[in-house]
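>>> need a structure here:
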Amino acid sequence: HQMIYGEWSKRLTVSESVSVVRSYKRCSIDDLMSDLETAPWQVLDIYDNVDDKWNYWKTLFLDILDKHAPLVKVRRRKRENDEWIDAELRQLMRSRNYFRRKHWRSNAKEDWERFNHLKREVNRQMRKAKAEHYATVCKGISWQPKRVWRQLNAVLGRGQSKPMSSLTHKGTTLTKPETVVDCFLEHFSNLPI
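Numbering: from 1, shown residues only. Next up, the predicted model:
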C-alpha cells in the first residue's frame, strides 16, 4: 500500500476550442451604413492594378466593419463523446436556449417557466440517452474487461496517473526527490497520536 499525501492545486480543464467570430451585439446598422456611405471610395480610382484596388477596398471595408462589429474570441467546449445526442435532443436543447435568451430580453415569467421546464426535460432526456448509450457500449464489450474499464474511465474523466514532479509545502516548491521525501517524513513523523 502506498502512502497518500499532497496538495491538489490544479484546476480541472475542460477541452475547449477557440474560434474568432464577428460580434454584431452592439452593431447599429444605421451607423454602419452611414460610415460606409461616407468612406473615401473615390480613392479606388487612383489605382490601376486590380489587385491594388481589391486590397484597398477590402482594407477600408474591414476597418469600418471592425469598428462596428469587432472580431471576438469565442471559446467553444469540445464534445468528444456526444454520440448519445440525437436530432430530437438537439432540437430540445435549441428550444431551451431560445427561451433562455427570450427571458433575458423580456424578463417575462412565462418565458422563465418555459425555460425551466425545457431545462429539466433536456437534463432528463440527456441522462436517459447517455445511460442507454453506455449500457449498449458496455454490453457489446462485456467479455473484454479492459475495454469496459477504458469506457468507464472515459465517462468518469479518469486518465492515466502521472508521477509527481513537484510538491508545494509551506509556500516552497520542492522538486528534488530527496527534499520531497524529507517533507513527507517531517509531516508524518509529527502527527499527533
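
>>> with just CA atoms, put the helix or strand of the chain with the lowest mean pLDDT into CSV.
Across the helices and strands of the chain, mean confidence by mean pLDDT, DSSP states H and E is lowest for helix 145-156: a mean of 76. Taking Å, rounded to 0.1, in the frame of the first residue of the first chain, the C-alpha atoms of helix 145-156 are listed here in CSV:
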residue,chain,number,x,y,z
PRO,A,145,-13.0,-6.1,-19.0
LYS,A,146,-10.1,-3.9,-20.2
ARG,A,147,-12.3,-2.2,-22.8
VAL,A,148,-15.2,-1.8,-20.3
TRP,A,149,-12.9,-0.1,-17.8
ARG,A,150,-11.5,2.1,-20.6
GLN,A,151,-15.1,3.3,-21.4
LEU,A,152,-16.0,3.8,-17.8
ASN,A,153,-12.8,5.8,-17.1
ALA,A,154,-13.6,8.0,-20.1
VAL,A,155,-17.1,8.6,-18.7
LEU,A,156,-15.7,9.3,-15.2
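
>>> could you give the mean pLDDT of the helix or strand following it?
Next in sequence after helix 145-156, counting helices and strands by DSSP states H and E, comes strand 167-169. Confidence over strand 167-169 (mean pLDDT, whole number) is 79.

>>> flag the shaky bits of the protein, pLDDT-wise.
1-16, 77-81, 155, 157, 159-164, 191-193 (pLDDT under 70).

>>> where exactly do the strands run in the chain?
With strands called from DSSP state E, the chain shows them at 16-22, 71-77, 167-169, 172-174.

>>> on that earlier part again, what packs against the least confident helix or strand of the chain?
helix 109-140 (3 or more CB pairs under 8 Å, 6 or more residues apart in numbering; DSSP states H and E). The C-beta positions use only the backbone N, C-alpha and C, and glycine is treated the same way.

>>> in the helix it packs on, what's buried?
111-112, 114-115, 118-119, 122, 125-126, 129-130, 133-134, 137 (16 or more other CB atoms under 10 Å).

>>> report the angle between the axes of it and helix 145-156?
170 degrees (axes from the mean of the first three to the mean of the last three CA atoms, to 10 degrees).
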